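J.: show me how the following folds:
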Amino acid sequence: MTRLFPTSAEMLAAEMTAIGMPRKRKETLRHLAQAIVSGSLQLDTIGELSRFVDAMTSIPGIGEWTANYVAMRALGEPDAFPASDLGIMKALQMGNTRPTVKQVMTRADAWRPWRAYAAIYLWLA
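T.: Numbering: from 1, shown residues only. Below is the predicted model:
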């Protein structure tokens, strides 16, 4: 292995001016790193999905889509579901009518507790 991702503590101390990232995104990364360092957010286990999503979305700059995507892809949570994802909404579109996030969530209830698999299928559809 030739490259390692920095730890959360290293991210807090890092000077990120040279990486060409918008200021708000850098702030979000710092807030995320701080939450991990302080222990208010754990990324080694998910526990209850709704609590994880609440903890992630309490971090400035992180929304439900990101929280569910992290739960799904990084933590292997089989019921995580980024309902506001444009690809998912397009896959569920009927004619010219794209469903709302609420409509997507209602439809996805039938796929519990395996909604992450449904999301992957819809992205491929």
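J.: doesn't A119 belong to a helix?
T.: Yes. A119: assigned to a helix according to DSSP: H, G, I helix; E, B strand; the rest coil.
J.: right, and it touches F81 too?
T.: Yes. In this structure A119 lies within contact range of F81 using C-beta atoms under 8 Å: 5.6 Å. In short, each C-beta sits where N, CA and C put it, glycine included.
J.: who has more neighbours, those two?
T.: Applying other C-beta atoms under 10 Å to A119 and F81 shows that F81 carries more neighbours, namely 29 against 24.
J.: let me know the helix or strand that that one is in.
T.: Assignment of secondary structure by DSSP states H and E places F81 within no helix or strand.
J.: can you give the domain ranges for this protein?
T.: The record's domain parsing of the chain by automatic domain parsing lists 1-77, 81-125.
J.: in JSON lines, list those along with mean pLDDT.
T.: Output for the domains of the chain, formatted as JSON lines (pLDDT from 0 to 100):
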{"stretch": "domain 1-77", "mean pLDDT": "90"}
{"stretch": "domain 81-125", "mean pLDDT": "96"}
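J.: correct me, but A91 touches A118?
T.: No. Using C-beta under 8 Å, A91 is not in contact with A118, being 9.8 Å away.
J.: W114: neighbour count?
T.: Residues near W114, counting by other C-beta under 10 Å, number 12.
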